[in-house]
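> Turn this into a model:
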Amino acid sequence: MMLKILFPLLFIAGLWFLIRSIGRIIEIYGGKKVTLPLDRPLPEFHLSEPGEYEIAYRRPAILGIMPTKVLYTLVSVPDGKHFTVTNVVNIFGSRKDMTSSRVVPVAEFSIDAAGAYQLSVAQLPEIKNGDGLVIMKKTGGKGFVMIFAILISAIATIGGLVMSILAFLNKL
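The predicted model follows:
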């Protein structure tokens with residue numbers, strides 16, 4: 001009798017955590033992004049809130065080396081204030097976008113106010129067709145952790161469902 005209550009609760013809890021985890025990963029990677037193509041001069045862009053941001057290199061290739069040791073300069077357009085951009089490669093933040101391009105975070109910076117900014121890039125190595133930069137809120141290792149949360153909650157959901165069926169068929 002206890003198993004007929006325990007396993008459906010495991011299924012419901014697993015399903016609830018699965019939905020929450022998927023929603024959280026969509027929130028992490030689906031936020032506002034600024035995409036800057038590298039085949040022409042970089043335009044000004046607007047960041048709507050202060051905080052920590054990352055610069056990710058986007059390349060439409062499955063294999064190949066991503067340029068990581070590049071000098072980036074970020075300047076606030078209205079007042080000309082310079083911001084420090086630190087080269088930090090985040091392998092755990094590597095991902096694919098909807099066009100199947102690889103996106104690898106290669107630098108990060110922090111701003112103290114919303115506004116218009118200008119990014120300049122020095123000594124870029126070979127630029128391939130379709131290369132670009134993606135600027136978005138810093139993800140860090142949050143996406144990597146959320147993948148494990150999705151995996152564990154999916155196992156709990158499937159296990160709870162199968163065990164519930166077996167418990168109601170009196171096969172346990």
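
> contacts and neighbour counts: CA atoms only from here.
Noted.

> any idea where the strands of this structure begin and end?
For the chain, the strands defined by DSSP state E cover 33-37, 45-47, 51-59, 71-76, 82-83, 85-87, 95-96, 102-111, 115-122, 132-137.

> rank those strands by pLDDT, which is bottom?
Sorting those by mean pLDDT places strand 95-96 lowest, at a mean of 80.

> The residue nearest the centre of the chain and A107: what is the separation?
For the chain, Y29 is the residue whose C-alpha lies nearest the centre (Cα atoms, centre = their mean; 3.9 Å). Between Y29 and A107 the distance, using Cα to Cα, to the nearest Å, works out to 17 Å.

> ok, now M163?
With distances taken as Cα to Cα, M163 is found 47 Å from A107.

> same question, L10
When Cα to Cα is the yardstick, L10 and A107 sit 41 Å from each other.

> In terms of neighbours, single out the busier of these two.
A107 (23 against 20; other Cα atoms under 10 Å).

> For the closest residue to that one other than its chain neighbours, the count of nearby residues, please.
Counting by Cα to Cα, 6 or more residues apart in numbering, N87 is the residue found nearest to A107 once chain neighbours are left out, at 4.2 Å. By other Cα under 10 Å, the residues close to N87 number 18.

> Kindly confirm whether my reading is correct that N87 touches V104.
No. Between N87 and V104 no contact is recorded; they are 11.9 Å apart, counting by Cα atoms under 8 Å.

> Give me the pLDDT value at the nearest residue to P60 once chain neighbours are set aside.
If the residues on either side of it in the chain are set aside, P60 comes closest to S101, at 4.0 Å by Cα to Cα, 6+ apart. If you check S101, the pLDDT there is 84.

> And S101, how far from I111?
From S101 to I111 the distance is 27 Å (Cα to Cα).

> ditto for Y117
10 Å.

> Also L9?
45 Å.

> Indicate which one of the strands of the chain is closest to G143.
strand 95-96 (9.5 Å; Cα to Cα).

> What is the closest one packed up against?
Under the contact criterion of 3 or more Cα pairs under 8 Å, 6 or more residues apart in numbering; DSSP states H and E, strand 95-96 touches strand 102-111.
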